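# Kindly generate the corresponding structure for this input.
(4 chains)
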2 protein chains.
Amino acid sequence: MTRRPTIIDVAKQAGVSKSTVARVMSGGQHVSARVVELVESAAKEIGYQKNNLAVSMRSGRSGLIGIVVPDISNPFWAEVARGAQDAAASTNSSLLIFSSDWKSERERKHLQALVNTRVDGFVLNRISDSSDGRDLELLGAPSLLLGTTADLFPEKSSVGSDITQGVGVALDYLTAHGHELPKLILGSERRLARAKFITAVNEYYINRDVDPTRIPTEDGAYTVDGGRAAMARLLKTHAGGHLTIFAANDLMALGAILEARSQGLNCPRDVSVMGFDGIPAGEFCDPPLTTVGKPAKEIGRQSILSLQRLIDGDAAVAKLRLACELVERGSVLNLNPEIALAQTG
Amino acid sequence: MTRRPTIIDVAKQAGVSKSTVARVMSGGQHVSARVVELVESAAKEIGYQKNNLAVSMRSGRSGLIGIVVPDISNPFWAEVARGAQDAAASTNSSLLIFSSDWKSERERKHLQALVNTRVDGFVLNRISDSSDGRDLELLGAPSLLLGTTADLFPEKSSVGSDITQGVGVALDYLTAHGHELPKLILGSERRLARAKFITAVNEYYINRDVDPTRIPTEDGAYTVDGGRAAMARLLKTHAGGHLTIFAANDLMALGAILEARSQGLNCPRDVSVMGFDGIPAGEFCDPPLTTVGKPAKEIGRQSILSLQRLIDGDAAVAKLRLACELVERGSVLNLNPEIALAQTG
DNA sequence: CTGTTAGCGCCTTCAT
DNA sequence: ATGAAGGCGCTAACAG
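Below is the predicted model:
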């Protein structure tokens, strides 16, 4: 394979100057129709392909956008990435996707790579709860934060789901179906996310004159096994009667259901479980998991759209919080006879 | 924010020539230790960041690699992408990920973008069963195919899972557990994948002197609903007795279980279901799905590694077929008392 | 060991 | 409407 053709080759072939070719290739302003055609066919003939590297270098814009998420193989983040990708494609940029694996070491490395590649900007789910965000500015590219951790950086734009609203949706549903004060299964790893979640629950009840201080709480890793273990502990101190669980993510909720089943309890007859996330797996378990769905794809989309605005010089700081919505399936029992009546009637 | 510093700025700051700086930045061969230190501290001081665009342009290597998969939010492909990413990171390249959405139109568009970005090479799950692959060569960048469709292009390297072996693993397991001639739920969309699967099943039985022509077969979309529908049709003609299903992917297998349950049948008591894929959701359903796991992450890893070799000028065509492995869970009943004995004993 | 020089492919004034 | 020339930031000979 020989050298790839450049505008110079096209110019020779078409018998014009390279600037003429350049003009044709970038829109064709101030060129006669005849020459446009001439150049275009010459280009096709010798198989010319525009070299974006050179374009980027001249223009200072690479058309590349970076996104760093904890793990692209995690369904939630995969969905976010998908949304981001669609948005990027709609503005003719390409997406460089990285997984930080929840390690700030890898995060730093990826960020470095992005900057070196001269991405026009990037979107990031920050791993470390610490750091003040000024290090991001030092990188010299516009950036935008993804998810809850963004609250730590007041002067940075961000996009995430509205946890408070999402918790409200779940609790409204539980209340309407006759459940009061569910027991909580929380994640222990990400301190800030954990705090946000529990604060939202507390505020919800305080606003309704219910004392939330007696809500039992168990921490687990954000995994199925973490959920199982937390559920096992919760079950040990459970007095009897219908048990209602609200888990901070779907995997832990799934774990709770599994653990209940293995202890001979039936969900939803004996135990009701409300999840939080909306992962696809929740649809296929038995019973299918009632949960709060986060707008993952939309988060991805909006983040890129906002980033584009940032890149285009719109300096306004915007903190977008997208609404979650209830996904009603079968893991929460209706304890409220009136509703049952209303529904059947 | 002012102009970003270049090696010239660093050179001024350090009081050396720009080529000296360049040498330091790219490994520091033939430079005195004193100067290296001088340059490095100067670089840090003014916040110099290497510009890969310029490097790429000179060197002809962008350090960028492309990957085009059908859908990054599909768990299987997400896992492939993850493996690819890890491999890319280990060779200091960055990955541009695109989703073709099973549309050859989008595939073409993404490929074009990749070429324009001057990726060093790319990896692709080809959508169209047609086309002879010569169009890929025209793009001028080394490429490698992902998955079964690769068989259509004899002169191209590829990486995928070994369907024949995977089918064998599943059928071995079914046979060993007393099941003979399962009914098949196949996908209708991708003709080639469908043909490969059914051929593998046929050959398996022919090699064992079993006549496979009487295997009932139903086609479905590669989705849960497709599986449900196919299962419903299968159930209609089912004479009675234990029913054994082998689905060409996990989603359809899940659908089959769901449909069986909704018709009052119990899995695995009345119906055994074997899946194919190994998606995470299969772990949480009830019963958890016994299936054949494809080495998704490894496919991603190996594809990038092979691509790197291609880029480095290794012209040998290699068709890598990675082994699948059985994931034994609970959706297949053991019909064979001897094994039950052997296991307990 | 270090500096000088000539591009990589393109866009963009500035002339014509 | 078209051509000539300079330069984006860096690397790779070639000198010294």
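
# Below-threshold pLDDT in the stretch 201-345 of chain A: ranges please.
Filtered on pLDDT under 70, the stretch 201-345 of chain A yields the residue ranges A:338-345.

# go again using 90 as the cut-off
Within the stretch 201-345 of chain A, the segments meeting pLDDT under 90 span A:213-214, A:222-224, A:239-240, A:279-281, A:283-287, A:313-318, A:336-345.

# For it, which segments are assigned as helices?
Remark: helices of the stretch 201-345 of chain A, listed N- to C-terminal, are A:224-236, A:250-262, A:296-311, A:337-344; assignment by DSSP state H, counting those that start in this stretch.

# Which parts of chain A are strands?
Counting by DSSP state E, chain A has these strands, from start to end: A:64-69, A:94-99, A:121-124, A:143-146, A:158-161, A:183-187, A:217-220, A:243-247, A:271-274, A:291-293, A:319-322, A:325-327.

# Look up the closest residue to the residue most central in space within chain A, ignoring the ones flanking it.
Most central in chain A under C-alpha atoms, centre = their mean is residue A:80, positioned 4.0 Å from the mean C-alpha point. Taking C-beta to C-beta, 6 or more residues apart in numbering or on different chains, and ignoring the residues beside it in sequence, residue A:80 has residue A:300 as its nearest neighbour in space, at 4.0 Å. To be clear about C-beta, it is placed using only N, CA and C from the backbone, and glycine gets the same treatment.

# For chain A, list the residues in contact with DNA strand C, please.
Within reach of DNA strand C by C-beta under 7 Å from any atom of the strand, chain A has these residues: A:3-4, A:6-8, A:18-19, A:22-23, A:25-26, A:48, A:50-51, A:54-55, A:57-59.

# Among the residues you listed, name the buried ones.
Those of these that meet the buried threshold are A:4, A:6, A:7, A:23, A:25, A:48, A:50, A:51, A:55, A:57, by 16 or more other C-beta atoms under 10 Å in any protein chain shown.

# Please list all residues in contact with the residue in the stretch 151-300 of chain A positioned nearest to DNA strand C.
With C-beta to the nearest atom of the strand, the shortest gap between the stretch 151-300 of chain A and DNA strand C falls at residue A:157, namely 27.6 Å. Contacts of residue A:157 were listed using C-beta atoms under 8 Å, 6 or more residues apart in numbering or on different chains, and they are A:144, A:145, A:306, A:310, A:316, A:317, A:318, A:319, A:320.

# ok, and the closest non-adjacent residue to the second one?
By that I understand residue A:145. Here the nearest residue to residue A:145 in space, its sequence neighbours aside, is residue A:158; by C-beta to C-beta, 6+ apart that works out to 3.9 Å.

# picking up where we left off before, what distance do you get for the residue of the stretch 151-300 of chain A closest to DNA strand C to residue A:310?
Taking C-beta to C-beta, to the nearest Å as the criterion, residue A:157 is separated from residue A:310 by 6 Å.

# Show me whatever sits in contact with both of these two.
Common neighbours of residue A:157 and residue A:310 (criterion: C-beta under 8 Å, 6+ apart): residue A:144.

# Could you list the contact residues of the stretch 1-150 of chain A toward DNA strand D?
Selection of the stretch 1-150 of chain A residues close to DNA strand D by C-beta under 7 Å from any atom of the strand yields A:16-20, A:23, A:30-32, A:34-35, A:54, A:57-58.

# if I pick residue A:50, what's in contact with it?
Each residue near residue A:50 by C-beta under 8 Å, 6+ apart is listed here: A:25, B:116.

# Out of the helices of the stretch 201-345 of chain A, which is closest to residue A:207?
Between residue A:207 and the helices of the stretch 201-345 of chain A, the shortest gap by C-beta to C-beta is with helix A:337-344, which sits at 22.1 Å.

# what about residue A:329, distance to DNA strand C?
As judged by C-beta to the nearest atom of the strand, to the nearest Å, residue A:329 and DNA strand C stand 52 Å apart.

# number of nearby residues for that residue?
Other residues within reach of residue A:329, judged by other C-beta atoms under 10 Å in any protein chain shown, total 16.

# That one reaches residue A:293, doesn't it?
No: with contact defined as C-beta atoms under 8 Å, residue A:329 does not reach residue A:293; the gap is 10.7 Å.

# sorry, back to before: between all of the buried ones among the residues of chain A next to DNA strand C, which two are at the greatest distance?
Farthest apart among those by C-beta to C-beta are A:4 and A:23. That separation is 20.6 Å.

# that older thread, contacting residues for the residue nearest to the centre of chain A?
For residue A:80, the set of contacting residues under the criterion of C-beta under 8 Å, 6+ apart consists of A:69, A:146, A:296, A:297, A:299, A:300, A:303.

# Residue A:192 now?
Contacts for residue A:192 were tallied using C-beta under 8 Å, 6+ apart; they are A:129, A:148, A:149, A:151, A:152.

# now do residue A:156
Contacts for residue A:156 were tallied using C-beta under 8 Å, 6+ apart; they are A:133, A:136, A:143, A:144, A:145, A:150, A:317.

# quick one: which of those has the most company?
For the contacts of residue A:156, neighbours were counted by other C-beta under 10 Å; the highest total belongs to residue A:144, with 27 neighbours.

# That residue and DNA strand C, how far apart?
To DNA strand C, residue A:144 is 26 Å away according to C-beta to the nearest atom of the strand.

# That residue contacts residue A:126, correct?
No: checked against C-beta under 8 Å, the pair residue A:144 and residue A:126 is beyond contact range at 10.8 Å.

# got a list of what the closest residue to residue A:188 other than its chain neighbours touches?
Counting by C-beta to C-beta, 6+ apart, residue A:219 is the residue found nearest to residue A:188 once chain neighbours are left out, at 4.0 Å. Residue A:219 is in contact with A:185, A:186, A:187, A:188, A:194, A:230, counting by C-beta under 8 Å, 6+ apart.

# mind redoing it with 7 Å?
Applying C-beta atoms under 7 Å, 6 or more residues apart in numbering or on different chains, one finds that residue A:219 lies in contact with A:186, A:188, A:230.

# What residues are bridge-paired with the first one?
In this entry, residue A:186 is beta-bridged to residue A:219, by DSSP bridges.

# can you count the residues close to the closest residue to DNA strand C within the stretch 201-345 of chain A?
When scored by C-beta to the nearest atom of the strand, the stretch 201-345 of chain A has residue A:312 as its residue closest to DNA strand C, at 15.6 Å. By other C-beta under 10 Å, 10 other residues sit near residue A:312.

# so where's the stretch 1-150 of chain A uncertain?
Under the criterion of pLDDT under 90, the regions of the stretch 1-150 of chain A flagged as low confidence span A:1-3, A:26-34, A:74-75, A:102, A:127-138, A:140, A:147-150.
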